[in-house]
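> following is a predicted model, sequence given first.
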Amino acid sequence: MQTPALPTESEKDARRRMPRRRRKDARPSELTAAALELFVEKGFAATRLDDVAARAGVSKGTLYLYFDSKESLFKAVIEEGIVPTLIAAEQQLAEHSGSAIELLRKLLFGWWQQIGGTRLAGVPKLIISESRNFPDVAQYYHDKVIVRGRALIRTVLQRGMVSGEFRTLDVETAIDVIIAPLLMLVIWRFSLCFCGQETDPAAYLETHFELLANGLSRRQGIQ
């Protein structure tokens, strides 16, 4: 049996260079995915661009081809991960022809499927904990996510009141009350759940929605 020839030094050098060449053209989505993981694990302040590059398997120089700062990387995480979900929800709202309560259910449970049950759910906790130190980042999140999310719920509530399905409400306060339990669910998922007490998201959402449906309903004697 013929013994296989050992690789030459030049061949070894070529093999060592291959992974670096393959990663040189890393797509921005790979970098934002790595950034999201680190933002959720460490927080915004503690995440360094060097860490993101290492997690993505590229050099820091490669990362700078796409993003010139940690702030721009965070904005890209929002634009890639959360904004498309909001756009889809806006389209769903525009096309929905059923009841307002059915639409509200679709929005709430769709939010959990697309955001709450994913790594993206760690972003609200990051914003809450670090907004005072990074006001520009918090403002960006507010303008791109919170404002549009509130607008979705506002439209559903107004539609339900106009149709007579929902009782008369203080809409802005109702939006706060609808969102607060969802926010608590994701905060719990990335903080206190590590203390040992677990929450079943499906049961939590069903209970929240049941309370909403009963509270919003325009029943006899309740205007």
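That came in fine, so what should we check first? Numbers count the residues shown, from 1 in each chain.
> what about the helices in the protein?
Secondary structure of the chain (DSSP state H): helices at 9-24, 28-42, 49-56, 60-64, 70-81, 83-95, 100-111, 122-130, 135-141, 147-163, 171-189, 201-216.
> is residue 53 in contact with residue 62, as I believe?
Yes: shown here, residue 53 and residue 62 form a contact pair, counting by CB atoms under 8 Å, at 6.9 Å. (C-beta placed from N, C-alpha, C; glycine too.)
> the two - which one has more neighbours?
For residue 53 and residue 62, the more surrounded residue by other CB atoms under 10 Å is residue 53, and the numbers stand at 21 against 17.
> identify the residues contacting the residue minimising distance to the centre of the chain.
Using CA atoms, centre = their mean, the residue of the chain that lies closest to the mean C-alpha position is residue 120, 3.1 Å off. Residue 120 is in contact with 36, 81-82, 114, counting by CB atoms under 8 Å, 6 or more residues apart in numbering.
> output those as JSON lines; include the columns pLDDT.
As requested, the contacts of residue 120 are arranged in JSON lines below (pLDDT from 0 to 100):
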{"residue": "36", "pLDDT": "95"}
{"residue": "81", "pLDDT": "93"}
{"residue": "82", "pLDDT": "95"}
{"residue": "114", "pLDDT": "92"}
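> from those, which single one is nearest residue 73?
residue 36 (9.5 Å; CB to CB).
> once you drop chain neighbours, what's closest to the closest one?
residue 77 (5.1 Å; CB to CB, 6 or more residues apart in numbering).
> can you list the domain ranges for this structure.
9-73, 82-216 (automatic domain parsing).
> ranking those by mean pLDDT, which is last?
Lowest mean pLDDT within those: domain 9-73, a mean of 80.
> just how off-centre is it within its chain?
Put simply, domain 9-73 sits 21 Å off its chain's centre (CA atoms, centre = their mean, to the nearest Å).
> stretch 205-216 now?
Averaged C-alpha coordinates place stretch 205-216 at 23 Å from its chain's average position (CA atoms, centre = their mean).
> now do the buried residues in that stretch.
205, 208-209, 212, 216 (16 or more other CB atoms under 10 Å).
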